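In: fold the following and give me the result.
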Amino acid sequence: MTKTDKAQYTMRVQIMDKGAPLGLPITVVGRDAWMLKELMASGKVGCTSVNNPAPRVSHYIFKLRGYGIAIETVHESHAGPFPGSHARYFLRSDLIVLDEKGRAA
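Out: A predicted model of the protein is given here:
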């Protein structure tokens with residue numbers, strides 16, 4: 001079986017601290033990069049799988065935190081036919097996008 005190369009979305013970012021770079025730049029690939037882009041776009045509203053359904057959102061958040069990216073989780077209750085709770089994620093790191101390749105799904 002041969003592995004085929006698939007074009008993946010990649011995002012290279014720099015975490016900033018008070019205007020100065022914090023560590024080395026980070027390259028995030030695939031759905032992790034898509035999730036980071038969604039977090040960046042959501043701003044003060046935050047990102048949740050209720051409004052933005054995707055598989056494994058919490059896992060993408062877990063992996064992004066592993067890069068040192070600060071993400072806050074706020075748990076919210078919801079009603080409806082399937083009441084319960086869900087998480088809303090907020091990007092708390094100051095990031096600069098250095099490069100983007102491919103396109104997010």
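In: name the residues linked to L95 by a beta bridge.
Out: Taking DSSP bridges as the rule, L95 bridges to I15.
In: dump the residue contacts of the residue nearest in space to the middle of the chain.
Out: Centroid check for the chain by C-alpha atoms, centre = their mean gives L36 as the closest residue, at 2.6 Å. Going by C-beta atoms under 8 Å, 6 or more residues apart in numbering, L36 touches 11, 13, 28, 64, 69, 91, 95. Bear in mind the C-beta positions are built from the backbone N, C-alpha and C, glycine included.
In: is it true that the last one touches M11?
Out: Put plainly, it is L95. No. Between L95 and M11 there is no contact under C-beta atoms under 8 Å: 9.3 Å.
In: so those two - more neighbours on which side?
Out: Legend: neighbour count by other C-beta atoms under 10 Å for L95 and M11, higher for M11 (23 against 17).
In: would you map the helices across the protein?
Out: For the chain, the helices defined by DSSP state H cover 30-42, 57-66.
In: just say which of those is most tucked in.
Out: Greatest average neighbour count among these goes to helix 30-42 (a mean of 19), per mean count of other C-beta atoms under 10 Å.
In: chain center to the lowest-mean-pLDDT helix or strand in the chain, what's the gap?
Out: Taking mean pLDDT, DSSP states H and E as the measure, strand 47-48 is the helix or strand of the chain with the lowest mean score, a mean of 89. Using C-alpha atoms, centre = their mean, to the nearest Å, the distance from the centre of strand 47-48 to the centre of the chain it belongs to is 10 Å.
In: check stretch 55-68 too.
Out: Worked out by C-alpha atoms, centre = their mean, stretch 55-68 lies 7 Å from the chain centre.
In: kind regards, and thank you for your time.
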